[in-house]
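Q: pasting the structure only:
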């Protein structure tokens, strides 16, 4: 599939998808959502970690309000069900680790697109903005799911109602994102983290994601059962055998993700 609104690249088992509509701060339109969905599904075939970032100065400004299809028809429900939901589910269910490299402003659906990834790394000057209330809407693109779980109800409610920018430092302090890096070293930090995950136990990462995400819906007893089941699967992987052998041999492990 040829891409027009994103840039897809691979290097050293790292797949990078750059949202590429810098003239509108990488605003999401129908075509970009479709291309991003395709790219996320393709990524596990080409690499062992997926990095999503933005071209230019912004990460993503959210829904492109100049997109005639969505604004003219005002079918917000249909767009969310038919276009946003498959894209977000693909990111959430991606079997390899996903990193949102937030290189600038992440607003509206763009902020929540970032939060859908496993790890968010932001440049120091980045901001996160739940802009929806400014135009009479509710947070969507998973915002009402991610925010309360990551920052608690009080902060989620304030961010949604007041629609005030949350700085990268605030986002780290709140537990909204994993880390930030100075603007000058941001790309190096993202590359370092991506390489770390690409060289790690891919199947173990997949099972870890499954265990952590399922915990919100489980009792302690159910989660302990889940842990036992998934740990049993992890213990039968090549990566576990290699990890133990490397530990005993006092050498770096060479994981193959199988």
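A: Sure thing, it's come through. Since the structure is predicted, the reported quantities are computational estimates derived from the model, not experimental observations.
Q: so the closest residue in space to residue 102 that isn't next to it in sequence, which of the three states?
A: Closest residue to residue 102 apart from its sequence neighbours, by CB to CB, 6 or more residues apart in numbering: residue 122 at 4.1 Å. Bear in mind the C-beta positions are built from the backbone N, C-alpha and C, glycine included. Using DSSP: H, G, I helix; E, B strand; the rest coil, the structure places residue 122 in strand.
Q: my read: residue 122 touches residue 104, true?
A: No. Checked against CB atoms under 8 Å, the pair residue 122 and residue 104 is beyond contact range at 9.0 Å.
Q: So for those two, which residue has more residues nearby?
A: Between residue 122 and residue 104, counted using other CB atoms under 10 Å, residue 122 has the larger neighbour count: 30 against 25.
Q: how much space between that one and residue 115?
A: Residue 122 sits 11 Å away from residue 115, taking CB to CB, to the nearest Å as the criterion.
Q: if I look at the two, which residues touch both of them?
A: residue 177 (CB atoms under 8 Å, 6 or more residues apart in numbering).
Q: average pLDDT for stretch 111-118?
A: Mean pLDDT, computed over stretch 111-118, is 97.
Q: So which residues of this structure form helices?
A: 30-46, 68-73, 76-79, 85-93, 109-115, 143-151, 153-162, 168-174, 186-198, 202-214, 220-234, 238-249 (DSSP state H).
Q: Among those helices, which comes closest to residue 56?
A: helix 109-115 (12.8 Å; CB to CB).
Q: could you say what helices and strands the closest one packs with?
A: Counting by 3 or more CB pairs under 8 Å, 6 or more residues apart in numbering; DSSP states H and E, the packing neighbours recorded for helix 109-115 are helix 85-93, strand 98-102, strand 127-129, helix 143-151.
Q: who's in contact with the third one?
A: If I follow you right, that is strand 127-129. 102, 105-108, 111, 114, 122, 163-168, 171, 176-177.
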